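Q: requesting a structural model of the entry that follows:
(chains A and B)
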Amino acid sequence: MADDDLIIQVRGLRNQFGAQVVHDRLDLDVRRGEILGIVGGSGTGKSVLLRSIVGLQRPVAGDITVLGRKIAEMNEEERRLLEQEWGILFQDGALFSALTVAENIQVPYREHLGLSDKLMDELAALKINMVGLPMNAGTKYPSELSGGMRKRAGLARALALDPGILFLDEPTAGLDPIGAAAFDELIRDLQRTLGLTVFLVTHDLDTLHATCDRIAVLAEKRVELVGTMSDMLKSDHPWIREYFTGPRARAAATSANH
Amino acid sequence: MSGPIARLELQETDAGLLIRAVGEWTVRHVRDLDEPLRALSPQRARGRSAIIDLKRVSRLDTAGAWLLHRTNEQLRLLGLQVSYHGETPEIRTLLGVAEACDSGFNLRLPRQSIFVEQSERVGGYVVAGAMEVRGLVGFFGVLLHALWRTVKSPSRLRVVPLIHHMERAGFDALPIVCLITFLIGAVLAQQGAVQLQRFGAEIFTVNLVAITFLREVGILLTAIIVAGRSGSAFTAEIGSMKMREEVDAMRTLGLDPMDMLVVPRVLALVFMLPLLTFIADMMGLIGGALVVWETQNTSPGVFIVRLSEAATFWTFGVGLIKAPFMALMIAMIGCYSGLKVTGSAESVGQQTTQSVVKSIFMVIILDALFAVFFTAMGI
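A: This is a model prediction of the structure:
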């Protein structure tokens, strides 16, 4: 595979908090236009991996290359430009509580682009529609929204600058099954229409079945296995077997096949 | 490259208006295209049709697609036949997104006139203030009931938390209370002496320090320090427990938060504030005595003699009597505000600020009431 098709390359990543090593010599590739699901038991550092890639967590060692450039070697201006290439959806949306949903979406426009108020309103309305929120959600404050709506609003903000890469941290956690399925579908739709590359941290087997092209399993401080769902099912690693063929996995697989 | 990255070329042809989009029509580059596109109007279009040519678009995102779609709609509403020309499948998909997601919208919060807004705010404060008083009076009743139950069956009293809060609110406050009251005592004596010297009455500095400190300053300073230190801590502690639903969990386990959280804190403060005030009084007098000794060469022995002439038991008692009442007020407001916390972390911060402001205010109100009362009693 050509190197410019690798959007994100992680090589020899090591993360450590005090004496506790989270990642050790971890390698991972994310290809252009795919949805890569990251799974792993609690405490295996899925979110830490996401935070390292987007630069919120400084790794102890290792190289992270995004769009062909090493993050560690960038100066502040290059970092700022790169940050506009990706959007991040945090676990609970991480919307600014003092701003309405529309104002939240407009924050990057205001900060980086200086668009006119009218155009910002139009674009915010477009994003609100794209993530399937009702239009009256635009004038609401995050505290007035349900958990599922907050996630959609967070996704709208992540998509404000039309990034090519989307990072999602447990997008369906805390949603009811119907809301979660709708959110999976939304991610899949947006990924297809906008040609996004999606890096998706999840616990949700249904999400893995419904959306992911490839799955990376974190275990024992590194990526234990990367591949499609059928690769996962063939693996004889005990944790992977337990995870993908346990009782809940069978239910998810059945519902995905229907 | 010359010129802007995203460009718009307009051309009048026999077939109608030709709008050619050139370059990167992405959110980063469309800023200057917005106005010209909005200004497109039929005077410029001789024919009855318009073509939007997309052949030279190198990159398009949803923002660019939105502008194209909006222009399309705008011209169509003016009665033109509009068609796209030369679009790739990717561009068609994005135009589809823009079309599907086009809807009437109103994203601005309705704004009222400033007069209405301000009246509304004042009204809101008045109602909130009244509700607050009502809530506090209600809470006072609940607290008295809880205290009465504790008196009836002393085994309900949580001794370990009581001792813990006595240490935190009382013992740990000693350094700051001592330092501040010592300094204020010294300053009071020094400033008082300068003024009294003009009348040749510097001998009365001792009276000044003794009476102001024992009656008013000692207790007020201590109460205000404790309100800032412990009242806020009570609110923050109980508030964060409320936020994490620990208080609700307590209730479901058959534990009364009044017994578990409120009574120990209130009793701890009621026991400790008089003690702190006593020490504060002593430190203030020591501060005053040192200044008097230094500036007027009055030995400490003479200071004590003059002190016993200036201050009676009641001068001292008037200050100390106020302490438990103020303690009750501070602890009650602190706990009440903590229990009022709802859901979010902002609420904890808000209530903590409120709690300190309210308890300091109430301490001063109480002090004023006591002053009136003692004057009436002739003490």
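
Q: packing partners of the helix or strand harbouring residue A:209?
A: Assignment of secondary structure by DSSP states H and E places residue A:209 within helix A:205-211. For helix A:205-211, the elements it packs on are strand A:35-40, helix A:177-194, strand A:197-201, helix A:247-257, judged by 3 or more Cβ pairs under 8 Å, 6 or more residues apart in numbering or on different chains; DSSP states H and E. Glycine gets a C-beta too; all of them are placed from N, C-alpha and C.

Q: please name every helix or strand in contact with the very next helix or strand once past the first one.
A: Once strand A:35-40 ends, the next helix or strand along the chain (criterion: DSSP H and E) is helix A:46-53. For helix A:46-53, the elements it packs on are strand A:6-17, strand A:20-31, strand A:35-40, strand A:61-66, strand A:165-169, strand A:197-201, judged by 3+ Cβ pairs under 8 Å, 6+ apart.

Q: how far is helix A:46-53 from where the chain is centred?
A: Taking Cα atoms, centre = their mean, to the nearest Å, the mean C-alpha location of helix A:46-53 is offset from the chain mean by 10 Å.

Q: contacts for it, please.
A: A:8, A:10, A:13, A:15, A:22-23, A:26, A:28, A:38-40, A:57-59, A:64, A:66, A:71, A:88, A:91, A:167, A:169-170, A:199, A:201, A:218 (Cβ atoms under 8 Å, 6 or more residues apart in numbering or on different chains).

Q: can you dump the C-alpha coordinates of it into CSV?
A: Taking Å, rounded to 0.1, in the frame of the first residue of the first chain, the C-alpha atoms of helix A:46-53 are listed here in CSV:
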residue,chain,number,x,y,z
LYS,A,46,-7.8,3.3,23.9
SER,A,47,-8.6,6.9,24.8
VAL,A,48,-4.9,7.5,25.6
LEU,A,49,-4.0,6.4,22.1
LEU,A,50,-6.6,8.8,20.7
ARG,A,51,-5.3,11.6,22.9
SER,A,52,-1.7,10.9,21.8
ILE,A,53,-2.5,11.0,18.2
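
Q: skipping adjacent residues, who's closest to residue B:183 in space?
A: Leaving out its chain neighbours, the residue that sits closest to residue B:183 by Cβ to Cβ, 6 or more residues apart in numbering or on different chains is residue B:287, at 6.4 Å.

Q: equivalent analysis for residue B:296, please.
A: Closest residue in space to residue B:296, ignoring its immediate chain neighbours: residue B:202 at 6.0 Å, by Cβ to Cβ, 6+ apart.

Q: can you give me the buried ones in the helix or strand where residue B:294 lies?
A: Using DSSP H and E, residue B:294 sits within helix B:263-296. Going by neighbour count (16 or more other Cβ atoms under 10 Å in any protein chain shown), the buried part of helix B:263-296 is B:263-292, B:296.

Q: check contacts around residue A:65.
A: Contacts of residue A:65 (Cβ under 8 Å, 6+ apart): A:6, A:8, A:9, A:10, A:11, A:71.

Q: repeat that with 7 Å
A: Taking Cβ atoms under 7 Å, 6 or more residues apart in numbering or on different chains, we find residue A:65 in contact with residue A:9.

Q: do you know how far the residue nearest the centre of chain A is from residue A:197?
A: For chain A, the residue nearest the mean C-alpha position is residue A:168 (1.9 Å; Cα atoms, centre = their mean). Taking Cβ to Cβ, to the nearest Å as the measure, residue A:168 falls 11 Å from residue A:197.

Q: show me which residues of the stretch 1-150 of chain A are close to chain B?
A: A:97, A:100, A:102, A:113-116, A:119, A:121-126, A:129-130, A:135, A:138-139, A:143 (Cβ under 7 Å from any Cβ of the partner chain).

Q: can you flag the buried ones in those?
A: Buried by 16+ other Cβ under 10 Å: A:100, A:102, A:113, A:115, A:119, A:121-126, A:129-130, A:138-139, out of these.

Q: roughly how far apart are residue A:59 and chain B?
A: According to Cβ to the nearest Cβ, to the nearest Å, residue A:59 and chain B sit 29 Å apart.

Q: show me what contacts that residue?
A: Contacts of residue A:59 (Cβ under 7 Å, 6+ apart): A:13, A:14, A:15, A:52.

Q: please name the bridge partners of the first one.
A: I take that to be residue A:13. Following DSSP bridges, residue A:13 is listed with bridge partners residue A:26.

Q: what's near enough to touch it?
A: Contacts of residue A:13 by Cβ under 7 Å, 6+ apart are A:23, A:26, A:52, A:59, A:62, A:64.

Q: would you reformat those as a markdown table and include pLDDT?
A: Listed next are the contacts of residue A:13 as a markdown table, based on pLDDT from 0 to 100:
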| residue | pLDDT |
| --- | --- |
| A:23 | 88 |
| A:26 | 89 |
| A:52 | 89 |
| A:59 | 87 |
| A:62 | 88 |
| A:64 | 89 |
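
Q: so which of those residues comes closest to chain B?
A: Chain B has its nearest neighbour among those in residue A:64, at 24.0 Å by Cβ to the nearest Cβ.

Q: find the nearest non-adjacent residue to that closest one, please.
A: Nearest to residue A:64 is residue A:71, by Cβ to Cβ, 6+ apart, at 4.8 Å.

Q: can you count the residues close to that neighbour?
A: By other Cβ atoms under 10 Å in any protein chain shown, the residues close to residue A:71 number 19.

Q: now do the contacts for the residue nearest to the centre of chain A.
A: A:89, A:198, A:200, A:201.

Q: can I get those residues in JSON lines including pLDDT and neighbour count?
A: Below are the contacts of residue A:168 laid out as JSON lines (pLDDT from 0 to 100; neighbours: other Cβ atoms under 10 Å in any protein chain shown):
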{"residue": "A:89", "pLDDT": "91", "neighbour count": "24"}
{"residue": "A:198", "pLDDT": "92", "neighbour count": "22"}
{"residue": "A:200", "pLDDT": "91", "neighbour count": "28"}
{"residue": "A:201", "pLDDT": "91", "neighbour count": "24"}
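
Q: element containing the nearest residue to residue A:176 once chain neighbours are set aside?
A: Nearest residue to residue A:176 in three dimensions, chain neighbours excluded: residue A:148, at 7.6 Å (Cβ to Cβ, 6+ apart). In this structure, residue A:148 sits in helix A:147-158 according to DSSP H and E.
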